[in-house]
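In: Based on what follows, work out the 3D shape:
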Amino acid sequence: MPGQATGTAAGRRRGAAGVATAALASLLALAGCSSGGTAAAPSASAPQVRTTEPAPTTAAPTASPTLPVLPTLPVLPTLPVPSTLAVPPPASPDTVPSEPGEAPAAIYGCEGLPLTAPKSFPLACGKGAAVLDGLVWTGWGGLSPTAKGRLWEQNAAGGLAASPATVTLGGLTGGDYTTLRISAPKAERPNLQLTLSRSGPAPKD
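Out: Next up is the predicted model:
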């Protein structure tokens, strides 16, 4: 039948065209895979956010307050310190300082101490009770100083009696008087002479 044959031929042509189209698509797909193509990069990149850190600020140094300049004090000289202080010995109650200009002469009593112009002076060291007191000296430090005073000595009744007396020193040697003379007209012994040494007075031989 002619009409049926014509439809069959058209269907075959359409089938052949579909096969050819599928084959072509397969070939294109294989060609794309073998060429090693890569996926296209996105056309537009995402916006990048850039953070900016603030620059460190350096504080300016604070100037310290200026102190006033003190004046320079002068250096005081160093005074020498004495190792020991000279302390004068206590004055004897029977010692009177010499007058200015007089020589430092002395006599020695029973205690062996130097006496200068004494107001009293023992005449017997441990023997009897003879003593001079109330002495007022003139010319001390010279060759023959003298003194006015009283002589106390034991009388015949066993008591003590005082008599006016004049005392004269002599024999000045090395600053020491070595002789003593007493004149007491009203005494039992009106004239006495003694030898003086650093051990004390002694009757003159």
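In: which is the next helix or strand following the helix-or-strand element of the chain with minimal mean pLDDT?
Out: Evaluated with mean pLDDT, DSSP states H and E, the helix-and-strand set of the chain has its lowest mean pLDDT in helix 2-34, which scores a mean of 56. Following the chain from helix 2-34 toward its C-terminal end, the next helix or strand by DSSP states H and E is strand 107-108.
In: Give me the mean pLDDT for that following strand.
Out: Average pLDDT, strand 107-108: 96.
In: what's that strand packed up against?
Out: Helices and strands touching strand 107-108, by 3 or more C-beta pairs under 8 Å, 6 or more residues apart in numbering; DSSP states H and E, are strand 114-115, strand 191-197. Placement of C-beta: from N, CA and C, glycine included.
In: Quick check: bridge partners of the residue nearest to residue 155 when sequence neighbours are not counted?
Out: If you skip the residues right next to it in sequence, residue 155 has residue 161 as its closest partner in space, 4.5 Å away by C-beta to C-beta, 6 or more residues apart in numbering. Taking DSSP bridges as the rule, residue 161 bridges to residue 153.
In: Tell me which residues touch residue 161, please.
Out: 152-155, 187-188 (C-beta atoms under 8 Å, 6 or more residues apart in numbering).
In: ok, back up a step: make a markdown table out of the helices and strands packed on strand 107-108 and add mean neighbour count, mean pLDDT and distance to residue 105.
Out: A markdown table is the format used below for these (neighbours: other C-beta atoms under 10 Å; pLDDT from 0 to 100; distance: least, C-beta to C-beta, whole Å):
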| stretch | mean neighbour count | mean pLDDT | distance to residue 105 |
| --- | --- | --- | --- |
| strand 114-115 | 16 | 95 | 9 |
| strand 191-197 | 15 | 94 | 11 |
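In: Tell me which of these approaches residue 148 most closely.
Out: For these, distance to residue 148 was read as C-beta to C-beta. The smallest value, 15.6 Å, belongs to strand 191-197.
In: Partner strands of that closest one, with direction?
Out: According to DSSP bridges, strand 191-197 forms sheet pairs with strand 179-183 (antiparallel), strand 200-203 (antiparallel).
In: rewinding a little: just the pLDDT for the residue nearest to residue 155.
Out: 90.
In: oh, and call the first residue 325 from now on, that's how I've got it
Out: Okay, residue one is now 325; in that scheme the one you just asked about reads as residue 485.
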